[in-house]
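Asks: sequence unknown, structure follows:
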């Protein structure tokens, strides 16, 4: 999800094919083409401009409603609701990952993971790192560094929801462990305070503190590695 504007101008987009096995959009205002994975205009009057990621959460409706019970829901256009079951099946396949090669035309050939392994990518402080979903399902709370920044990755297995934060409060780095098997509550090792999986301290010395959220990008490995060739991979060797 990204902010639909560039150089202070609002834009509207349409799908316009694939390049490198990755979706390309065309904005209606200038006719510029934008690569989905890099968020960069690759041709047209806005060539070289970048869209900005907008904070979002990929989760289930049940988990979202629990956290935001007063949410307004967009009413689908006539006929759209009838397609939801098939669309959700396709989305769920993407979430759990698919075996097989990258699509025709994909340019990435990084063998550290299988092409269609699903990852969440993180970019902070000019560094990038990929976290395979398979690894997060085995280790739902990850204390890590991306570049010089201490980061926390939390995966809630019940809803397959993954969140990420700058792992520090009041300038002090923190490390965390899951408080239960659901990883919806955490304990920091420095103060023994209790936190939610959404970075809010709810009990203990740091009660009321909020961790700074970081944006995770869900991708297939072939797409992430193609447009982030210098990415690190959590749990993998640095050699390609």
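Replies: Great, that's in hand. Model, not experiment: these values are computed from the prediction.

Asks: so when I look at residue 134, I'm seeing a helix, right?
Replies: Yes: secondary structure assignment places residue 134 in a helix (DSSP: H, G, I helix; E, B strand; the rest coil).

Asks: residues near it, how many?
Replies: Neighbour count for residue 134, taken as other C-beta atoms under 10 Å: 15. The way it works is simple: take the backbone N, C-alpha and C, and place the C-beta from them, glycine included.

Asks: thinking it is in contact with residue 114, fair?
Replies: No: judged on C-beta atoms under 8 Å, residue 134 makes no contact with residue 114 at a distance of 9.8 Å.

Asks: what element comes up after the helix or strand of the chain at the bottom of the mean pLDDT ranking heading to the C-terminus?
Replies: Using mean pLDDT, DSSP states H and E, the weakest-scoring helix or strand in the chain turns out to be helix 84-96, at a mean of 62. The C-terminal neighbour of helix 84-96 among helices and strands, as given by DSSP states H and E, is strand 118-124.

Asks: Quick check: phi and psi at the closest residue to residue 192 other than its chain neighbours.
Replies: Once flanking residues are discounted, residue 192 sits nearest to residue 204: 6.0 Å by C-beta to C-beta, 6 or more residues apart in numbering. Dihedral angles of residue 204 (phi, psi; degrees, to the nearest 10) stand at phi 100, psi -170.

Asks: Also residue 178?
Replies: Per degrees, to the nearest 10, the backbone of residue 178 is at phi -70, psi 140.

Asks: For it, give its distance to residue 140.
Replies: According to C-beta to C-beta, to the nearest Å, residue 178 stands 6 Å off from residue 140.

Asks: Show the model's pLDDT score for residue 101.
Replies: If you check residue 101, the pLDDT there is 73.

Asks: Could you give the number of residues near the spatially closest residue to it that is not a sequence neighbour?
Replies: Distance criterion C-beta to C-beta, 6+ apart; nearest residue to residue 101, sequence neighbours excluded, is residue 115 at 5.6 Å. Residues within reach of residue 115, counting by other C-beta under 10 Å, total 22.

Asks: okay, residue 115: pLDDT?
Replies: 90.

Asks: go on, residue 32?
Replies: pLDDT recorded at residue 32 is 96.

Asks: and if you look at residue 21?
Replies: Predicted confidence (pLDDT) for residue 21: 79.

Asks: Which residues belonging to stretch 188-204 are considered buried?
Replies: Buried residues in stretch 188-204, counted by 16 or more other C-beta atoms under 10 Å: 188, 191, 193, 194, 195, 196, 197, 198, 199, 201.
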